[in-house]
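In: give the three-dimensional model of this entry:
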Amino acid sequence: MKRIRRTKVQGSAASYHCMTRVVNGERLLGDREKEVLRKMIWQVADFCGVQVLTYCVMSNHFHVLLRVPERQNVDDAELLRRYQVLYPKPTQHQTASVKVLRSQLAEDSEQADELRRKLLARMGDISEYMKAVKQRFSVWYNRNHNRYGTLWADRFKSVLVEGKGNALQTMAAYIDLNPVRAGLAEDPKDYRFCGYAEAVSGVSEAVEGLRCIWADHDSNPLRAHRLLIFGKGSAASLKGGAVIERDEALRVLEQEDGLLPKAAILRCRVRYFTDGAILGSSEFVRSYTKAWQMERQRRHPPKVNRLKGAEWGDLAVIRGLRKTVFS
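Out: Numbering: from 1, shown residues only. All right, here's what the predicted structure looks like:
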């Protein structure tokens, strides 16, 4: 499988929205499968040293918003703790027990250094994180359903998100509103397979994710996030409910050349949040145009494209969408 290139953020933490689909879009994930995948999302994040800000598991795909910290040195004690999180006992894929690994790392040898290097290479990287989640879940799913072969579509999509303020908050709300868009819940707090629902129920890691998302805005992150999700009631006035239909959104935006409340448009499937490549303020996006151009060996630098259709503030993306912003 071809490795997907990622725009790197040097010298600072970076936030990414990652999304991947089940092969052929099949709806294979019931409540049991979603629960297992939910646990793996958190488990692998602990091993990789990345922070899950929020996530949502659906029947044929999942989203996760990750904060990847600056690459730091991890001492042997932390390396062993993380290893035990992912491999509490030997398996056919990882035969070394924690006791054996501790003994190997204690040796002052080239073999020990190589072992550290291999483990550290799997940490602090979104590609390695998504690879581990997808592989571990595929093994579990196929074993429990007498199934063989690929479970996930080959590639996952990722968007580099400005790590604070409007961009991060809007992306998080878009992810948490997935069950509302799918008609599975009127309120995402009632859908247990998303980060917002876990935060409402008091799960510490999920609450900390919301605190990170709203760090520069509000002392009560749950309240701030809920106000964005429901738009202080503005979305409820559209179509008599919380969800605005795609055709209605297109009519307002394209035929009437109007704007919709942000909370209402977030209830549509907006391609900016999965296909925009880089999402943030115009200044943030502009700062990565050269790196993006060099990575993809483009002759001309990309344009900074302001988001359309709602009062997005200063949000922009690096990849202009030739077709409608809705999918």
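In: Asn142 reaches Thr150, doesn't it?
Out: No: when contacts are counted by Cβ atoms under 8 Å, Asn142 is not listed as touching Thr150 (9.5 Å). (Glycine included, C-beta is placed from N, CA and C.)
In: what sits in contact with each of the two?
Out: Common neighbours of Asn142 and Thr150, using Cβ atoms under 8 Å, 6 or more residues apart in numbering, do not exist here.
In: and Leu29, that's in a helix?
Out: No: counting by DSSP: H, G, I helix; E, B strand; the rest coil, one finds Leu29 to be coil, located in no helix.
In: leaving out sequence neighbours, find the closest residue to it.
Out: Ser59 (4.9 Å; Cβ to Cβ, 6 or more residues apart in numbering).
In: need the pLDDT of that neighbour.
Out: Listed pLDDT for Ser59 reads 97.
In: quick one, what contacts it?
Out: 27-30, 34.
In: from Leu115, how far out is it?
Out: 39 Å (Cβ to Cβ, to the nearest Å).
In: ditto for Val74
Out: 13 Å.
In: ok, Ala310 next?
Out: Ala310 is 50 Å from Leu115, by Cβ to Cβ.
In: more neighbours, those two?
Out: Taking other Cβ atoms under 10 Å, Ala310 and Leu115 do not tie; Ala310 has more neighbours (22 against 17).
In: give me phi/psi at that one?
Out: Backbone torsions for Ala310, taken as degrees, to the nearest 10, come to phi -150, psi 170.
In: contacts only, for it.
Out: Counted by Cβ under 8 Å, 6+ apart, Ala310 has contacts 259-262, 264-265.
In: among those, which are in strands?
Out: Per DSSP state E, strands hold no members of the contacts of Ala310.
In: quick one: these as JSON lines, columns for pLDDT, distance to Arg122 and neighbour count too.
Out: As requested, the contacts of Ala310 are exported to JSON lines (pLDDT from 0 to 100; distance: Cβ to Cβ, whole Å; neighbours: other Cβ atoms under 10 Å):
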{"residue": "Leu259", "pLDDT": "67", "distance to Arg122": "44", "neighbour count": "15"}
{"residue": "Leu260", "pLDDT": "72", "distance to Arg122": "42", "neighbour count": "22"}
{"residue": "Pro261", "pLDDT": "75", "distance to Arg122": "42", "neighbour count": "19"}
{"residue": "Lys262", "pLDDT": "82", "distance to Arg122": "37", "neighbour count": "22"}
{"residue": "Ala264", "pLDDT": "77", "distance to Arg122": "41", "neighbour count": "24"}
{"residue": "Ile265", "pLDDT": "81", "distance to Arg122": "38", "neighbour count": "26"}
